[in-house]
Every structure is written in C-alpha cells, then in structure tokens.
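> Sequence and computational prediction follow.
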Amino acid sequence: ACQERGGGLRDKPSKRRDFYHTCYCLSGLSVAQHAAGGAGATVVGPPGNEVVPVDAILNIVRPKAVAAREYFSTLPPVN
C-alpha cells in the first residue's frame, strides 16, 4: 500500500486513496504492533507511531470487542 501526502492509504501508486485500504493497512499495522498480546507494543520510530490495538477477528478496537462479547453472551442461543 502507498500513503497519500494528504492522508489515507491506497492500493497502488496509480490508484487513489480510499477508506477500505486505509482501514485494511492500519488494522494490519495494529495487529503487527500488538502481536505479543499484553507484553507491550513493538513500534518502529517514535512512540507516536503506535496505533490502538484491534481485535484481529472483528477488526474493531479491543474494548468494543470485549463489550460486544459480553453483551451477546447474555442473550439466549439462537435456534
């Protein structure tokens, strides 16, 4: 992926930036940085380069994933 000067990420240099590739790239970066779980992030460059941890399955920030699991665990099973 390639970064646009004004923000956002794109698939290839010849393409325009879009939300899909921006989300996809940042999610992958988050998973790579936080692969060790609770052992702290592996960040290249200054600490400001760290992105928030995401749930690798749901692709949402971890606190929201925990809240969703807690909520749905209280519901009766679907038949």
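In hand now; what should we look at?
> Pull the distance from the helix or strand hosting residue 30 to the chain's centre.
Assessed by DSSP states H and E, residue 30 sits inside helix 19-33. Here the centre of helix 19-33 is set off from its chain's centre by 5 Å, with CA atoms, centre = their mean, to the nearest Å.
> Pull out the buried residues from it.
Using 16 or more other CB atoms under 10 Å as the test for burial, helix 19-33 gives 21-22, 25-27, 29-30, 33. Quick note: C-beta positions are derived from backbone N, CA and C, even for glycine.
> likewise stretch 2-19?
For stretch 2-19, the neighbour count (16+ other CB under 10 Å) marks 9-10, 17 as buried.
> For the residue nearest the centre of the chain, give me its contacts.
The residue lying closest to the centre of the chain (CA atoms, centre = their mean) is residue 27, at 2.6 Å. Listed by CB atoms under 8 Å, 6 or more residues apart in numbering, the contact set of residue 27 reads 54, 59.
> and it, how far is that from residue 77?
30 Å (CB to CB, to the nearest Å).
> per-residue pLDDT, the nearest residue to residue 36 once chain neighbours are set aside?
Leaving aside its sequence neighbours, residue 36 sits nearest to residue 42 (CB to CB, 6 or more residues apart in numbering; 6.9 Å). On pLDDT, residue 42 comes in at 91.
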